[in-house]
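A.B. asks: just the structure for this:
(2 chains)
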Amino acid sequence: MDGGRRSLAFLAPSGMVFVGLFAAPFLFLFVVSFWSVRTFKLTPGFTLDNYAETFEKYGWPLAFTLMIGLSIALVTTVLALLFAYAARFKVGRFGQAMLFVCLLTLFGGYLVKIYAWKTILGTEGILNSALVGLGIIGEPLTVFIYNPGAVVVTLVHFLLPLAVLPIYASLRGVKDITLEAARDLGATPRQTFFGIVLPQCMPGLTAAFTFSFLIAAGDYVTPRYVGGPYTSMIGDFIEGQFSLRFDWPAGAAMAFTTMGCSLAIVAGVRALLTLMRPR
Amino acid sequence: MTSGATPRPDGQEPLVRLRGVSKRFGQVEAVRPLDLDIYPGDFYALLGPSGCGKTTLLRMIGGFIAPTTGTISIAGADVTRAGPEKRPTNMVFQGYGLFPHMSVRQNVGYGLKIAGTAENEREERVKAIMALVRIDELAERRPDALSGGQQQRVALARALVMRPRVLLLDEPLAALDLKLRKQMQEELRRIHKSIGGTFVFVTHDQGEAMGLANRIAVMEAGACVQEGGPEEIYARPSTRFVSTFIGDANVMPGERRAGTVALRNGLRLASAGADGPVVAVLRPEAVTVTRPGAAHEVQVAGTLADAVFLGAYVRYRVALPDGEEIVAHATGARDDAPKPGEAVVAGWAPAALRILDDR
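C.D. replies: Numbers count the residues shown, from 1 in each chain, chains lettered A, B, ... in the order given. Sure thing, here's the model as predicted:
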């Protein structure tokens, strides 16, 4: 076997998984999004009704989802930056330990974390018990859970370790000596942070932000468990189209609309960051 | 402990004045209390082997490390507790520390931008300094697209554009290959001459210190063991360490008793001073090697162990009967030169031998 063929052989298994489980269903659903359903049967054709309906009926959940996704991504990225910055620059050799602890939390599963937050925020939860026990409030409060805030808290908690990794990796590339040089040239800690550290870890920040945003905007499990009746995220509706209504074309159109909007936002944020680069 | 506190004959005030400055890291005394005066216009070398505390000392002058004891003043102001951003110093770091996300021009202009210098003045000064260190062609490049020598120049320009009262250079040439090092040495000399500032640099390379500096502080184990001009240090090393660290030297151990030194190789000479162990140091170029019979003022007999031709000079090794040896450098090849294995005498003028207390 020559080199080219050999590398092909190495790529084949992952390639097959990619094509079989991602590319093919993806294309199929894209085609389906232009079909229609007649008496519970998928009918091929070409119609834009599904997309029109997405904007008409689900415009608000879509906008809300994108907004909450942006907030989650923003909060996650900022917190992850603070954590990674401390681990890299502020705690000396404890940085590795901090990172290890951060990775450790990844072992707790997604659902486990959701239930953990239910236990903390619920009316019978740890937070309410503590507040009642301390005499700060008389009755348990219901404001902690079943609202968008609970979704943000839960998803930020879940995404934080994943966001810390790329940011820490790029901060490791920032040499201490460049910070000393900036200080020597008269920069304040603030100027050094914004002018020297931040631009150098931009790739990590964009990766963390993109990652957090796409996961948060596509999530439908968390809102179902801690979001309450008024936190309607688009993923929830898409899932309903497939599992309850058997309206695949509508579900597909909603999914592709969500994906298109998400990618547009990511591209927009990246373009904005490129424009903001110091000159 | 102290050195260099003598005033200049021209009555100038020192620009940088260190008094009793020391630094302790835990149990390690990196710099022992020392005094140092650096005068305006000096090209000053802190010279010593690795781990002697020279970089710690430089970083204390720059404000990156606070001294454990003592005071540092620059241009008459006490800056002991001031950080680097508050000192009229700028540093060229070992490894340069260029900002990788900025072009050469942005790197050089960064300090002025932080200082709030007006844009047209900033541009002018950046342009002028880039021309001075000859990097104007590289203005739009990023540091990772530069060679080591070019990065070195950018780091130099970035510091010089701030017009520091004192420019600090940490092993400025260590990362460059030999040819570039020679070239950068020339450049540094030229730049120092053309802008006339005060430069302080750290080096472990005695050739670099001799070639660049007009004053040298030789450091050993956290202490400044000798301070002076290069010629003075070379001609009159004050300790055995200095004599061997700066240039080659024959070191002959012996003992002084009642004003007479007896060297282990049999030589005796008059030398005032306290009784105790001494070393006599002798520069190889002060030694002449001939066949027996030639007249020398002081001489020892031995066998020529080898003669190595090194281009500019021949290096002779003369083995003495007591097992010691004497190295001599002779310029110019001679046809009648003694051959290895021959009986020879090594001779020198009495003044060439320096007697140092060996503590």
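A.B. asks: gap between the residue lying farthest from the centre of chain B and B:Ala343?
C.D. replies: Residue farthest from the centre of chain B, counting by Cα atoms, centre = their mean, is B:Gly293 at 40.7 Å. Here the criterion is Cβ to Cβ, to the nearest Å. By it, B:Gly293 lies 10 Å from B:Ala343. From N, CA and C alone the C-beta is placed, and that goes for glycine too.
A.B. asks: now for the most centrally placed residue in chain A: which residues touch it?
C.D. replies: In chain A, the residue lying closest to the centroid (Cα atoms, centre = their mean) is A:Ser212, at 2.5 Å. By Cβ atoms under 8 Å, 6 or more residues apart in numbering or on different chains, the contact set of A:Ser212 is A:Ile72, A:Ala73, A:Thr76, A:Thr77, A:Leu159, A:Leu162, A:Ala163.
A.B. asks: show me how far the helix or strand hosting it is from its chain's centre.
C.D. replies: Here A:Ser212 sits within helix A:202-218, counting by DSSP states H and E. Helix A:202-218 has its C-alpha centroid displaced from the chain centroid by 6 Å (Cα atoms, centre = their mean, to the nearest Å).
A.B. asks: now that helix: buried residues?
C.D. replies: Buried positions in helix A:202-218, judged by neighbour count with 16 or more other Cβ atoms under 10 Å in any protein chain shown: A:202, A:204-218.
A.B. asks: kindly export it (C-alpha atoms) in CSV.
C.D. replies: Provided in CSV are the C-alpha atoms of helix A:202-218 (Å, rounded to 0.1, in the frame of the first residue of the first chain):
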residue,chain,number,x,y,z
MET,A,202,-8.7,35.2,21.4
PRO,A,203,-8.7,31.8,19.6
GLY,A,204,-9.5,30.0,22.9
LEU,A,205,-12.2,32.5,23.8
THR,A,206,-13.9,32.2,20.4
ALA,A,207,-13.7,28.5,20.6
ALA,A,208,-15.2,28.4,24.1
PHE,A,209,-17.9,30.9,23.2
THR,A,210,-18.9,29.1,20.0
PHE,A,211,-19.0,25.8,21.7
SER,A,212,-21.1,27.0,24.7
PHE,A,213,-23.5,28.9,22.5
LEU,A,214,-24.1,26.0,20.1
ILE,A,215,-24.7,23.6,22.9
ALA,A,216,-26.9,25.9,24.9
ALA,A,217,-29.0,27.0,21.9
GLY,A,218,-29.5,23.4,20.9
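A.B. asks: and it, average pLDDT?
C.D. replies: Helix A:202-218 carries an average pLDDT of 93.
A.B. asks: so A:Lys182 is in which element?
C.D. replies: No Lys there; residue A:182 is Ala. Using DSSP H and E, A:Ala182 sits within helix A:176-184.
A.B. asks: can you name the residues that contact B:Asp42?
C.D. replies: If you count contacts by Cβ under 8 Å, 6+ apart, B:Asp42 has them with B:Leu15, B:Thr198, B:Phe199, B:Val200, B:Asn214, B:Arg215.
A.B. asks: give the buried subset of those residues as a ChimeraX selection command.
C.D. replies: Of the contacts of B:Asp42, the buried ones go into a single ChimeraX selection, burial set by 16+ other Cβ under 10 Å:
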select /B:15,198,199,200,215
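A.B. asks: ok so, going back, got a pLDDT number for the residue farthest from the centre of chain B?
C.D. replies: 80.
A.B. asks: and what about it, helix, strand or coil?
C.D. replies: On the three-state scheme (DSSP: H, G, I helix; E, B strand; the rest coil), B:Gly293 is labelled coil.
A.B. asks: need phi/psi at it.
C.D. replies: With angles defined as degrees, to the nearest 10, B:Gly293 sits at phi 120, psi -30.
A.B. asks: hmm, back to that, what subset of the contacts of B:Asp42 is also close to chain A?
C.D. replies: Residues of those in contact with chain A (Cβ under 8 Å from any Cβ of the partner chain): none.
A.B. asks: now flag whichever of the contacts of B:Asp42 is closest to B:Ala155.
C.D. replies: Of all the contacts of B:Asp42, B:Phe199 has the smallest distance to B:Ala155: 13.7 Å, by Cβ to Cβ.
A.B. asks: pretty sure the closest one contacts B:Arg165?
C.D. replies: No. Look at B:Phe199 against B:Arg165 with Cβ atoms under 8 Å: they stay out of range, at 11.0 Å.
A.B. asks: show me the contacts for whatever residue of the stretch 251-359 of chain B ends up closest to chain A.
C.D. replies: As assessed by Cβ to the nearest Cβ, chain A sits closest to B:Arg359 within the stretch 251-359 of chain B, at 38.1 Å. Going by Cβ under 8 Å, 6+ apart, B:Arg359 touches B:Gly276, B:Pro277.
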